[in-house]
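Asker: sequence first, then the predicted structure, then my questions.
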Amino acid sequence: AQKVTQAQTEISVVEKEDVTLDCVYETRDTTYYLFWYKQPPSGELVFLIRRNSFDEQNEISGRYSWNFQKSTSSFNFTITASQVVDSAVYFCALRGRTFAGANSKLTFGKGITLSVRP
Amino acid sequence: GAGVSQSPSNKVTEKGKDVELRCDPISGHTALYWYRQRLGQGLEFLIYFQGNSAPDKSGLPSDRFSAERTGESVSTLTIQRTQQEDSAVYLCASSLVPVVSIPETQYFGPGTRLLVL
């Protein structure tokens, strides 16, 4: 069985603060894929990043960075110098190994509501 | 290009009525997924379509739920005899089909907010 745990439910920060969103996962697959999605108030999920289990290199994209630690089964997301527009619900998701054409359904965490105050 | 679209954006219905939710995937995306998001919860997988293959219905919560897809385009999720517990946001996603063992990224629509009174 696969499971994604986002222990933080709500986080509130003041603009320009750094904030880290935690994600811990469980899977028996040796090859798997991790995702982060952003859900702004409009409701549409916006894809942020996909990470393969065999690539532990951390990634930075502008103010966003991701720390993948296979040893602790974590895939944490940091926003540097947060802005009001970052206010949203953030979901971490997991997908196990797939085969061509197979169901790539995602297992989601419950999400973290981030509020950035001016 | 156009993203995934869903209609209606909001639906209020009375308990016991049937509802139909529609999803238009991104053109060229042959894989289509339905998910349900209850208030304060993550997304739960419902059903998966890929081309002409039999759909994976393993996530449907009861036989009141069904879905169809016309070829590689529009999909309709039907909930019969709605219950208050069906109130949720129903999200559709589409993706390309992987040709090797790498999942393609799923792109989501804005969802349909269903409220059963």
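Answerer: Alright, I've got the coordinates. Numbers count the residues shown, from 1 in each chain, chains lettered A, B, ... in the order given.
Asker: count of residues packed around residue A:64?
Answerer: 16 (other C-beta atoms under 10 Å in any protein chain shown). Where you see a C-beta, it was placed from the backbone N, CA and C, and this is true even at glycine.
Asker: next: residue A:57.
Answerer: 7.
Asker: run through the bridge partners of the residue most central in space within chain B.
Answerer: Nearest to the geometric centre of chain B sits residue B:34, at 2.7 Å (C-alpha atoms, centre = their mean). Assessed by DSSP bridges, residue B:34 has beta-bridge partners residue B:47, residue B:92.
Asker: let me know whether it touches residue B:67 as I believe.
Answerer: Yes: with contact defined as C-beta atoms under 8 Å, residue B:34 reaches residue B:67; the gap is 6.1 Å.
Asker: residue B:4 and residue B:67: what is the separation?
Answerer: For residue B:4, the distance to residue B:67 (C-beta to C-beta, to the nearest Å) stands at 15 Å.
Asker: what does chain B put close to chain A?
Answerer: Residues of chain B found near chain A, taking C-beta under 8 Å from any C-beta of the partner chain as the criterion, are B:3, B:31, B:33, B:35, B:40-45, B:48, B:50-51, B:53, B:56, B:59, B:89, B:91, B:93, B:95, B:97-111, B:113.
Asker: can you tell me which of those are buried?
Answerer: Neighbour counting over the residues of chain B next to chain A (16 or more other C-beta atoms under 10 Å in any protein chain shown) leaves B:31, B:33, B:35, B:42-45, B:48, B:50, B:56, B:59, B:89, B:91, B:93, B:95, B:97-98, B:103-104, B:106-111, B:113 as the buried ones.
Asker: just the ones in strands from these, please.
Answerer: B:31, B:33, B:35, B:43-45, B:48, B:50, B:89, B:91, B:93, B:95, B:107-108, B:113 (DSSP state E).
Asker: what is the most widely separated pair among these?
Answerer: B:50 and B:113 (26.9 Å; C-beta to C-beta).
Asker: report how many residues lie close to residue A:45.
Answerer: 27.
Asker: quick one: pLDDT of it?
Answerer: Residue A:45 carries a pLDDT value of 90.
Asker: hmm, residue B:24 is touching residue B:6, no?
Answerer: Yes: with contacts counted by C-beta under 8 Å, residue B:24 reaches residue B:6, the gap being 7.5 Å.
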